[in-house]
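Student: Sequence and predicted structure are below.
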Amino acid sequence: QVQLVESGGGLVQAGGSLRLSCAASGDTFSDYVLGWFRQAPGKEREFVAVINQNGGLTKHTDSVKGRFTISRDNPKNAGYLQMDSLKPEDTAVYYCAADRSLRTSYPMGMPYWGKGTLVTVSS
């Protein structure tokens, strides 16, 4: 099975940018769909974005469309979430996740998870 480790979180001012990275190991990365989820303080975890195995299909939740971009580099066993025009409401722990199948939605998340990286956006 795949193991995932996130990096790139931190403190940024509103309007700024961050790029999160997800390093994968332990299995063939290109066999997996890659997703990003987030959980804000006191709130439930929510879906942010997903990318299919070859990177040709992406989906972003409405609240981040036009600001966040998911991508992947299979030869590097890495996934990314480019976050621009950040808002205070984007403050959350961001999790990288993986699944062997592309689904229409992920209400239960994905089977494989990283430990998360904290993003804090100050106003």
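Tutor: Yes, it's here. Numbering: from 1, shown residues only.

Student: quick one: the strands in the chain?
Tutor: 3-7, 10-13, 18-25, 33-39, 46-51, 58-60, 68-73, 78-83, 92-99, 112-113, 117-122 (DSSP state E).

Student: avg pLDDT for the shortest one?
Tutor: The predicted model assigns strand 112-113 a mean pLDDT of 97.

Student: what's next to it, contact-wise?
Tutor: Residues from elsewhere that reach strand 112-113, judged by C-beta atoms under 8 Å, 6 or more residues apart in numbering: 1-4, 32, 95-99. Using the backbone N, CA and C atoms, a C-beta is placed for each residue, glycine as well.

Student: Can you name the residues that contact the spatially most central residue of the chain?
Tutor: Taking C-alpha atoms, centre = their mean as the criterion, Trp36 is the residue nearest the geometric centre of the chain, at 2.3 Å. Residues near Trp36 by C-beta under 8 Å, 6+ apart: 20, 22, 48-50, 70, 79, 81, 94-97.
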